[in-house]
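have a look; sequence and predicted model below, questions after that.
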Amino acid sequence: MSRHTAIRRITAPDIRARKGGEPVVCLTAYTAPMAGLLDAHCDLLLVGDSLGQVIHGLLNTVGVTLEMMILHGQAVMRAAEKALVVVDMPFGSYEAGPEVAFANASRIMKETLCQAVKVESGPAVAGTVRYLVDRGIPVMGHVGLRPQAVNVDGGFKAKGRSDGERARVLEEARATDEAGAFAIVVEGVAETLAEEITAAVRAPTIGIGASAACDGQILVTDDMLGLFDWTPKFVRRYADARALVGEAVAAYAADVRARRFPAAAETYALKPARVAAGEEPR
Ligand code: KIV
């Protein structure tokens, strides 16, 4: 039996069916080793375009390309066996219209073998979500704070502070839902708006900085592991990986400088019989 038939992978309809039920556990993943660690614990792994900042040191997600998303999507798909893997469509790959979006989404799915894509579903995108879903591409929406809109918003700002903005975000969520999204990320909104959206849509809402009023939660894994010196208010740090890495690297550097590393146990030696036979060590 191949490893592909041994484990039943969670599907987009499985996630959709979780509306109002057991909370959906999601994290971001960008690399094979991390995906392997997260897979057993998560229902959904998102290859988020946040990899632009987290992995590639960009200031925001605008510079992320389709090729970057495909490369990281392939890495995650090599290691994740159980969780549904969703790959973000980067800025510029879907906004121009449904046909461009279909070409790029189908390329992501063919080249990574992921099971779904995510789009930031602002007002202009609902028709595209419908087009993709009708053609066999499960789509996750993303409303509220939309990081790809950083340049029109003038920064990363929580959404729904005015009545007009609340109505707009609610409308975006409704349109995304009616277009057939199997789940909707709700980012950076107050609890009352998250409650209103969650009650208004049939798809499960996946909150990030959007309170416990959602059907599931997602965090950027590197944030919750404490790999950065600063984390947003909504992130709970479950580890201090930055301190751990700092201590480990300082200890390694000190050992190398003092010639304590490598020691005999970390050094290859020829076995006496092989030395006699003139063999090279393995
Ligand atoms: O790109 C990303 O990681 C995301 C999550 C934060 C939802 O969109």
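That came through fine. Numbering: from 1, shown residues only.

by mean pLDDT, flag the weakest helix or strand of the chain.
Every helix and strand of the chain was ranked by mean pLDDT, DSSP states H and E. The lowest is helix 3-6, at a mean of 57.

which secondary structure state is assigned to the residue of the stretch 51-200 of the chain at minimum distance from the ligand?
Nearest residue of the stretch 51-200 of the chain to the ligand (C-beta to the nearest ligand atom) works out as Val185 at 4.7 Å. (C-beta placed from N, C-alpha, C; glycine too.) Secondary structure assignment for Val185 (DSSP: H, G, I helix; E, B strand; the rest coil): strand.

quick thing: my sequence starts at 668, can you match it?
With 668 as the first residue, the last one maps to Val852.

the residue nearest to it when sequence neighbours are not counted: what secondary structure?
Spatial nearest neighbour of Val852, excluding adjacent residues (C-beta to C-beta, 6 or more residues apart in numbering): His809 at 4.2 Å. Secondary structure state of His809, per three-state DSSP, is strand.

how about the residues of the stretch 668-817 of the chain near the ligand?
695, 713, 715-717, 755, 809 (C-beta under 6 Å from any ligand atom).

as a markdown table, the residues you listed with pLDDT would be great.
As requested, these are exported to a markdown table (pLDDT from 0 to 100):
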| residue | pLDDT |
| --- | --- |
| Thr695 | 98 |
| Leu713 | 98 |
| Gly715 | 98 |
| Asp716 | 98 |
| Ser717 | 97 |
| Asp755 | 98 |
| His809 | 98 |
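
for those residues, please prepare TSV with the additional fields neighbour count.
TSV is the format used below for those (neighbours: other C-beta atoms under 10 Å):
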residue	neighbour count
Thr695	27
Leu713	29
Gly715	29
Asp716	30
Ser717	21
Asp755	29
His809	30
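
mind listing what the closest residue in space to Ala783 that isn't next to it in sequence touches?
Here the nearest residue to Ala783 in space, its sequence neighbours aside, is Pro805; by C-beta to C-beta, 6+ apart that works out to 3.9 Å. Taking C-beta atoms under 8 Å, 6 or more residues apart in numbering, we find Pro805 in contact with 679, 782-784, 849.

likewise for Pro871?
Pro871 neighbours (C-beta under 8 Å, 6+ apart): 682-683, 685-687, 691, 850-851, 881-883.

just send these back as a markdown table, with secondary structure and pLDDT too.
Putting these into a markdown table (DSSP: H, G, I helix; E, B strand; the rest coil; pLDDT from 0 to 100) gives the following:
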| residue | secondary structure | pLDDT |
| --- | --- | --- |
| Ile682 | helix | 98 |
| Arg683 | helix | 98 |
| Arg685 | coil | 98 |
| Lys686 | coil | 98 |
| Gly687 | coil | 97 |
| Val691 | strand | 98 |
| Ala850 | strand | 98 |
| Ile851 | strand | 98 |
| Cys881 | coil | 98 |
| Asp882 | coil | 98 |
| Gly883 | strand | 98 |
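
from those, which would you call buried?
682-683, 685-686, 691, 850-851, 881-883 (16 or more other C-beta atoms under 10 Å).
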